[in-house]
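[1] No sequence on hand, only this structure:
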């Protein structure tokens with residue numbers, strides 16, 4: 001089959017492994033820095049290896065987006081007669097989108113659309129998956145981008161960390177807040193809102209936090225019988241991920257439900273044991289697509305042409 005679209009993303013994008021084997025999806029790696037030593041996410045270091053280093057050194061590494069030069073190299077390696085759709089981690093969480101945007105401007109012979117997912121992990125992965133399926137069905141690039149705008153507005157996340165240690169070490173909570181949270185065994189619930197991670201709930205136990213994620217996912221699906229895609233993201237807790245998958249599948253009409261580990265650049269901020277669930281409708285309603293088509297114009301929409 002003739003290839004209609006080249007897909008570029010970054011290594012915060014998670015999909016089932018067979019998707020990367022079956023389709024020519026190019027992932028540009030995020031960087032992990034332990035002092036002067038740099039590692040390419042997934043290529044040079046796994047989440048397990050990262051956690052082992054942190055436990056040994058008690059230092060949270062720095063992360064940095066791929067450079068524009070990395071994206072230029074990728075874009076220029078692709079044929080000029082096939083459009084490139086470059087889908088990336090939220091611009092409010094990383095500079096990856098901006099790097100891709102700058103690189104696209106350096107490749108005038110290519111037609112490149114750079115898209116800000118306002119998400120990460122399966123939030124990006126489901127957009128890539130949708131784009132691949134739509135391209136295979138012969139959808140135009142404009143139609144695919146409109147669906148991405150729609151899916152971006154209809155992607156929900158609830159997650160919880162197992163420990164506050166990594167948030168403290170990374171400077172995201174103070175020592176006092178960490179101590180109080182540990183004493184009270186507080187488990188925050190974190191949501192994705194407009195491309196940012198927001199702590200908007202808390203529970204007293206891990207068990208209750210997992211139940212809260214299930215409840216929030218079910219409440220996010222309206223009408224309740226609507227077919228959805230669900231992605232369970234976790235860092236080293238496969239048993240809890242399996243439980244969460246089972247509970248969510250019992251509550252919603254999940255026509256696609258997948259489980260995947262957090263990538264190092266994301267997992268480092270939440271630590272081992274962080275777990276959450278993404279949910280997005282399988283297909284848009286007609287009025288939703290009409291609104292999405294009106295939101296595909298220009299930089300303010302998270303697009304660069």
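    Alright, I've got the coordinates. These numbers were taken from a predicted model, which means no experiment stands behind them.
[2] so where's this protein shaky on pLDDT?
    1-3, 167-185, 295-305 (pLDDT under 70).
[3] Repeat the analysis, applying 80 as the threshold.
    1-3, 58, 163-185, 294-305 (pLDDT under 80).
[4] Got the phi and psi for residue 51?
    phi -60, psi -40 (degrees, to the nearest 10).
[5] Might you report the residue contacts of it?
    Neighbour list for residue 51: 235-236, 267, 271-272 [criterion: Cβ atoms under 8 Å, 6 or more residues apart in numbering]. Using the backbone N, CA and C atoms, a C-beta is placed for each residue, glycine as well.
[6] In the stretch 151-300 of the chain, mark out all the helices, start to finish.
    Remark: helices assigned in the stretch 151-300 of the chain by DSSP state H, counting those that start in this stretch are 165-169, 175-184, 206-220, 238-251, 264-270, 286-293.
[7] Just tell me which of those helices ends up closest to residue 72.
    helix 264-270 (21.0 Å; Cβ to Cβ).
[8] What are the contacting residues of that closest one?
    Residues contacting helix 264-270 (Cβ under 8 Å, 6+ apart): 11-12, 30-32, 39, 41-42, 45-47, 49-51, 54, 60-61, 63, 120-121, 159, 161, 166-167, 170, 172, 235, 261-262, 274.
[9] Any of those buried? List them.
    Neighbour-count burial (16 or more other Cβ atoms under 10 Å) applied to the contacts of helix 264-270 gives 11-12, 30-32, 39, 41-42, 45-47, 50-51, 54, 60-61, 63, 120-121, 159, 161, 166-167, 170, 172, 235, 261-262, 274.
[10] List the ones among those that fall in strands.
    31-32, 39, 63, 159, 261 (DSSP state E).
[11] And these, which is closest to residue 228?
    residue 159 (17.1 Å).
[12] thinking that closest one is in contact with residue 213, fair?
    Yes. Counting by Cβ atoms under 8 Å, residue 159 does reach residue 213; the two are 7.1 Å apart.
[13] overlap in contacts of these two?
    With Cβ under 8 Å, 6+ apart, residue 159 and residue 213 have common neighbours 189, 275-277.
[14] any idea which of the ones in strands among the buried ones among the contacts of helix 264-270 is closest to residue 197?
    Once Cβ to Cβ is applied, the member of those that ends up nearest residue 197 is residue 159, at 8.4 Å.
[15] can you pull up the bridge partners for that closest one?
    Beta-bridge pairing for residue 159 (DSSP bridges): residue 190, residue 276.
[16] For it, give me its contacts.
    189-190, 213, 233, 270, 274-277.
[17] before we move on, which element is residue 130 in?
    For residue 130, the host element (DSSP states H and E) is helix 122-136.
[18] Return the list of helices and strands in contact with the strand or helix carrying residue 142.
    Using DSSP H and E, the element containing residue 142 is helix 141-153. Counting contacts by 3 or more Cβ pairs under 8 Å, 6 or more residues apart in numbering; DSSP states H and E, helix 141-153 packs against strand 84-88, strand 112-116, helix 122-136, helix 286-293.
[19] now do 10 Å
    strand 84-88, strand 112-116, helix 122-136, strand 275-281, helix 286-293, strand 303-304 (3 or more Cβ pairs under 10 Å, 6 or more residues apart in numbering; DSSP states H and E).
[20] Compare these and give me the one nearest residue 149.
    helix 286-293 (4.4 Å).
[21] And the contacts of that closest one?
    142-143, 145-154, 281, 283-285, 301 (Cβ atoms under 10 Å, 6 or more residues apart in numbering).
[22] domain parsing for the chain?
    Using automatic domain parsing, the domain parsing of the chain gives 6-30+65-153, 156-283.
[23] And stretch 279-292, end to end?
    18 Å (Cα to Cα, to the nearest Å).
[24] That one: which residues count as buried?
    279-281, 284, 288-289, 292.
[25] Just send the residues you listed back as TSV, with distance to residue 223 too.
    Conversion of those to TSV gives the following (distance: Cβ to Cβ, whole Å):
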residue	distance to residue 223
279	14
280	15
281	10
284	14
288	13
289	17
292	19
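[26] Determine which two of these are furthest apart.
    Among the buried residues of stretch 279-292, 279 and 289 lie farthest apart (Cβ to Cβ), at 18.8 Å.
[27] ok, residue 156 - contacts?
    Per Cβ under 10 Å, 6+ apart, neighbours of residue 156: 119, 123, 191-193, 216-217, 219-221, 228, 230, 277-281.
[28] Counting neighbours, which of these end up buried?
    Buried among those (16+ other Cβ under 10 Å): 119, 123, 191-192, 216-217, 220-221, 228, 230, 277-281.
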